Structures are given as C-alpha cells and as structure tokens.
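Participant: curious how this folds, go ahead:
(2 chains)
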Amino acid sequence: MTLKTTPLNAAHRAMGAKMVDFGGWDMPVNYGSQIDEHHQVRNDCGMFDVSHMRVLDMKGEGVRDFLRYLLANNVDKLTMPGKALYSAMLLENGGVIDDLIVYFMNENWFRIVVNAGTADKDIAWMKKQAELHAPQLDIADHPELAMIAVQGPNARAKVWDALPGSRELTEKLIPFSAVEMGAMFIARTGYTGEDGFEIMIPAKAAPFFWATLAEKGVKPIGLGARDTLRLEAGMNLYGQDMDESVGPLESGLAWTVDLKSPRDFIGKQALLAHPPTHKLVGLVLLDRGVLRGHQQVHTAHGNGEITSGSFSPTLEKSIALARVPVEVTIGDTVQVAIRDKMLSAQVVKYPFARNGKAVVSL
Amino acid sequence: MSIPSNLKYTPSHEWVKTEADGTVSIGITQHAQELLGDMVFVEAPAVGRHLKAREECAVVESVKAAADVYAPISGMVTEINGILDGSPEAINEDPYAAWMFKLKPDNAADVDALMDAAAYQAVVDSEAH
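Facilitator: As a prediction, this is how the structure comes out:
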C-alpha cells in the first residue's frame, strides 16, 4: 500500500526526519532526539505537521440544532464566533466514535477537526445522521488544507514574526478560539499542554510557511514527542485511551459530556443507563522501568489496564493513563505487570505537566 | 556510522567484543539504537546468571518501545555496566562503547561462529528494503 503524504513530506526529509508509517501516513517520528524535541516545546517552541488531521465544514440552517444532537458536549456553550469546544462523538451504545474540536463560525457554519485515522468513518456517520435529522446541511471535508501546530511558551511570538499581520489579528485571541486570516485559519489550541497555535493553511502555501517558521528558529517536532507531550498534558489519544468499545465516562471525558441539560444527544440514554464501573487515572511508576499500553494494573478493587504509557521527559519518570475500577483513589499504590515482574505505581490526578512544568508531586 | 570490523554481530543486533581477559562484552548496534531512539531504561541480567545462546536476557527501553536483548553465546554473566543505570542515553551516544554486560563464554570458539561486520552490514541493508 502506498502511504499518504502531507504537503510537507519533502520538507521533513530535507530536515533529516525519520519517517514512519503512521496509520497509513508517511510521517516524521523525530528529526533526531525525541526527548530533545519534547524539551524544546516545553521550554521554547516547536512546530508539528498535523496535516493528516481532517478539517470539515458543516453548513446550513439548523446546524447548531444538529450538533446539539450529534455531540456529547453541548455546542450551546459556543456563543462567540471562533470559539472552540472539545467533544466526543458517540454511538447509540455510548462508545466513542471519535474525539474532535468544533468551532462556531456563525449560525450557519461550524468547522470541525477530526482525527486522521477516523476521518472517513466520522464523515460517513455525520452524513448518515444528517440524512435522518438535518438533510438540508452541507458537510464537506477539506483535504486540501494543511495544518501546522506551533506550540510552546514562545510559539505565538514566533508565528507573529513569521506571518505578517497575524499579531494584530490574534494577540487578543483567547485560548480555545480561532480566527480566519485570508485563506488561513489560526486557532489558539494544541495537543501539548503549552500555549500556541494550530494553523490551517492551503496545501500549496504550507511548505513556504513551514520554511519561514524554520528560518525564524522554530524547530520541527516529530510525532514521537507529540505523544509524550500530550500524555504529560493528560490529553486522550483516540484508539488508545478510548474507542468504540468504551464510553466517555470511563475514558476521563466526563468533563466533556453534558448530562445536565434536558437536550437529547446520541449515546445519552446508554450513558444514563450504565453508570461507569471504571475510570481513567494517572499513574507514576515508583520502581524502575517504563509503563506501556496494555500492561495489566492490579489494584485492591480489581484489575485495570494501562491505555497509554511512556517515559515522561519532564518528570524523568515513567507515567501512564490507566483504566481502573472506580473505587481506586488518588494516592493509592497499585501494581503493574511488566514482563515477569510486578512494579509499584502511584495513582495520581493528571495532567502530569503543563506550561513547561511538572504539576504532579509524589 | 560504519560497522566496526573488530566486533562480531548477531542478526538480532547485538555486538560482541572479546576482551583481553577472555570475557566478552555485549551491547546493541548503532542500527538498533537508531531504530529505538532515545534510551530511558536498561535492565541487565544478574551477575552470576548462566545464559544460553539466544536466550532473552536483557531489555532496553526507549521512549518509544521496549526491545529484548538476546545472549549471543552461552556463558556466565560476570559484570554489568552500571553506567547505563543512570545514563541509558550512553547507548545512543556511542553504542559500540556502551556495553551492557560481560559473559564468561562456555566455549570461546562460539564467538567465531557469529557474523562479522560484512555479514551484519548485509542484515542491516536487507532491513532497509
């Protein structure tokens, strides 16, 4: 099978990237040292090619009503144009189809960003639901848009430097909101726990923008560091921390599910009928080793499983997200089966690190 | 980086060096460390343990993944490299200097049967395609 490529593929190779097959995409995993790249983002800033993610626009009369029904979070929280909301999209049985970000542009237009690996499935689901409930809507995806994330304490200043006119437009942009700039779309969002922007840009213009950022000293960051950054920030990864077989309440996403308002949404009845038996917690390994996905977690209240685990460059310890019985509490010590050993880990409240600093203490 | 011609190799990417005292030191190759990326943890076999050839005996963990290390030949573990405990990144910096453990071979001639640099180069080349 031929791997899909982003408009920045040649740029990655020219910068010495180690390329890997990432869900069918030929993507940079690092440009040298993943740990150096991780620190680069926490301490200064770096840029990520996230063009594999899919942008879609949902347009037409009644789009808000439709999204109110389609998504587990409540789009009525979005009142200011450009404001974004993180939400899960659920099956009727409460399983998570995908997690996404939805931007309110105007009453006839919402923009949605979904994961690369789930994009086709997501669009098919949205179109199927729209046929049933809002056939007047137009749902169109934009594979012609590239996306570059610039993240870190100095990220915004670097973007302002690289992109004339962007400062005036985005200096007052509050976190988790976006603004259009010509054919570009600049959002103050990210997947690292640091300040910065995610910028959508027409594919043809992406290599020049990437090169300009590089000239201003912004270092390229691979998907390897993207994963450790998001894990430290306590952000879920679809396909690891949740999927169609588990609900959002067992995946650390209760804060994104609105069960209070009277509105109905797909999956709501299932969530109300089945209170969660498990929950997502953070783990910090007390012994030496590295926590990894699918390792079994033994607790006083039954077994659980690590969903994402790695080494945290900021904490210099191994950390993980784990799905464990709801009775497990913060501060508990649990045992993790790693090869032929049982190692001790402490249950912590995540995030582990944000804004350049560790926020977990043992 | 070229593959040192004074060492012997295994298809599972360990290198083997015969020391002056007749023991052999064992580490992982440049190719292996490149595949794994930044090392964060090394679990070496216990001193005094007897290993059989091709037995899983150690683990290297990078940020990205864990990889087993196999005993290239049969023998007794005589020493482990304590430096890697606190500085596993030494493997990334100089994989052919960062030995993981030393063995007293059951049969010194077993080392001769391992791959030389040219044969190992062919293994690396075949993996690249």
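Participant: chain center to the lengthiest helix in chain B, what's the gap?
Facilitator: Secondary structure of chain B per DSSP state H: the longest helix is helix B:117-127. Taking CA atoms, centre = their mean, to the nearest Å, one finds helix B:117-127 lying 16 Å from the centre of the chain it belongs to.
Participant: export it to CSV, keeping only CA atoms.
Facilitator: Extracted in CSV, the C-alpha atoms of helix B:117-127 (Å, rounded to 0.1, in the frame of the first residue of the first chain):
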residue,chain,number,x,y,z
ALA,B,117,30.9,-6.8,10.1
ALA,B,118,30.3,-7.5,6.4
ALA,B,119,27.7,-10.2,7.1
TYR,B,120,26.0,-7.9,9.6
GLN,B,121,26.0,-5.0,7.1
ALA,B,122,24.1,-7.3,4.8
VAL,B,123,21.5,-7.8,7.5
VAL,B,124,21.1,-4.1,8.1
ASP,B,125,20.8,-3.5,4.3
SER,B,126,18.2,-6.1,3.9
GLU,B,127,16.1,-4.5,6.7
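Participant: wait, A:Arg167 sits on A:Trp160?
Facilitator: Yes: the pair A:Arg167 / A:Trp160 is scored as a contact, 3.8 Å apart, by CB atoms under 8 Å. From N, CA and C alone the C-beta is placed, and that goes for glycine too.
Participant: list the contacts for A:Thr170?
Facilitator: Contacts for A:Thr170 were tallied using CB atoms under 8 Å, 6 or more residues apart in numbering or on different chains; they are A:Arg156, A:Val159, A:Trp160, A:Val179, A:Met181, A:Ile186, A:Arg188, A:Phe197.
Participant: the first one: what's it in contact with?
Facilitator: Contacts were defined as CB under 8 Å, 6+ apart; by that measure A:Arg156 touches A:Val150, A:Thr170, A:Arg188, A:Asp195, A:Gly196, A:Phe197.
Participant: same thing with the second one?
Facilitator: For A:Val159, the contacting residues are A:Val150, A:Ser166, A:Thr170, A:Ile186, A:Gly196, A:Phe197, A:Ile199, A:Leu213, taking CB under 8 Å, 6+ apart as the criterion.
Participant: for chain A, see how far away B:Val69 is.
Facilitator: According to CB to the nearest CB, to the nearest Å, B:Val69 and chain A sit 13 Å apart.
Participant: residue 102 in helix, strand or coil?
Facilitator: No chain specified, so I'll use chain A. Here A:Val102 is strand, with the state taken from DSSP: H, G, I helix; E, B strand; the rest coil.
Participant: please go with chain B instead
Facilitator: strand.
Participant: hang on, isn't it packed against B:Val77?
Facilitator: Yes: contact criterion CB under 8 Å: B:Lys102 and B:Val77 qualify, at 7.2 Å.
Participant: so what sits against both of the two?
Facilitator: What both B:Lys102 and B:Val77 touch, as defined by CB under 8 Å, 6+ apart, is an empty set.
Participant: okay, strands next: where are they in chain B?
Facilitator: Secondary structure of chain B by DSSP state E: the strands cover B:8-9, B:14-18, B:24-28, B:39-43, B:50-51, B:56-62, B:66-70, B:75-80, B:101-105.
Participant: correction: the stretch 51-200 of chain A
Facilitator: A:54-59, A:84-90, A:96-106, A:109-114, A:138-141, A:145-151, A:178-181, A:184-187, A:196-202 (DSSP state E, counting those that start in this stretch).
Participant: what's the offset of the third one from the middle of its chain?
Facilitator: What that stands for is strand A:96-106. 11 Å.
Participant: tell me what the residue nearest in space to the middle of chain B is bridged to.
Facilitator: With distances taken as CA atoms, centre = their mean, B:Gly27 lies nearest the centre of chain B, 2.5 Å away. For B:Gly27, the beta-bridge partners under DSSP bridges are B:Trp15.
Participant: who wins for neighbours among the contacts of A:Val159?
Facilitator: A:Val150 (30 neighbours; other CB atoms under 10 Å in any protein chain shown).
Participant: so how far is chain B from that one?
Facilitator: 22 Å.
Participant: which of the strands of chain B sits most buried?
Facilitator: strand B:24-28 (a mean of 25; mean count of other CB atoms under 10 Å in any protein chain shown).
Participant: what comes into contact with it?
Facilitator: B:13-19, B:60, B:67, B:69, B:71-73, B:75, B:91, B:95-96, B:98-103, B:105, B:111.
Participant: and if we set it to 6 Å?
Facilitator: B:13-18, B:98-103, B:105 (CB atoms under 6 Å, 6 or more residues apart in numbering or on different chains).
Participant: farthest-apart pair in those residues, please.
Facilitator: Using CB to CB, the contacts of strand B:24-28 span at most 20.7 Å, a distance reached by B:Ala98 and B:Pro105.
Participant: now the longest helix belonging to chain A: buried residues?
Facilitator: Looking across chain A with DSSP H, the single longest helix is helix A:119-133. By 16 or more other CB atoms under 10 Å in any protein chain shown, the buried positions in helix A:119-133 come out as A:Ala119, A:Asp122, A:Ile123, A:Trp125, A:Met126, A:Gln129, A:Ala130.
Participant: between those residues, which is closest to chain B?
Facilitator: A:Ala119 (24.9 Å; CB to the nearest CB).
Participant: the closest one and A:Met53 touch, don't they?
Facilitator: No: counting by CB atoms under 6 Å, A:Met53 is not a contact partner of A:Ala119; they are 7.8 Å apart.
Participant: off-centre distance for the longest helix of chain A?
Facilitator: Worked out by CA atoms, centre = their mean, helix A:119-133 lies 21 Å from the chain centre.
Participant: thinking again about what came up before, list the buried residues of the longest helix of chain B.
Facilitator: B:Ala117, B:Tyr120, B:Val123, B:Val124.
Participant: how about stretch A:77-96?
Facilitator: A:78, A:82-90, A:94-96.
Participant: what do you get for stretch A:6-21?
Facilitator: Buried, per 16+ other CB under 10 Å, within stretch A:6-21: A:Thr6, A:Pro7, A:Leu8, A:Asn9, A:Ala11, A:His12, A:Met15, A:Ala17, A:Lys18, A:Met19, A:Val20.
Participant: which residues touch the first one?
Facilitator: In other words, A:Thr6. A:Asp49, A:Ser51.
Participant: how about it, secondary structure?
Facilitator: Under three-state DSSP, A:Thr6 comes out as coil.
Participant: how close does it sit to chain B?
Facilitator: Taking CB to the nearest CB, one finds A:Thr6 at 21 Å from chain B.
Participant: same deal with the last one?
Facilitator: Shown here: A:Val20 relative to chain B, a distance of 10 Å by CB to the nearest CB.
Participant: kindly state the beta-bridge partners for that residue.
Facilitator: A:Met27.
Participant: I figured it hits A:Asp26, correct?
Facilitator: No: counting by CB under 6 Å, A:Val20 stays clear of A:Asp26, with 7.8 Å between them.
Participant: angles on the backbone of B:Thr10, please.
Facilitator: phi -120, psi 160 (degrees, to the nearest 10).
Participant: and it, how many neighbours?
Facilitator: A count of nearby residues for B:Thr10, using other CB under 10 Å, gives 22.
Participant: tell me which parts of chain A are close to chain B?
Facilitator: Residues of chain A lying close to chain B (CB under 6 Å from any CB of the partner chain) are A:Ser33, A:Gln34, A:Ile35, A:Val290, A:Phe311.
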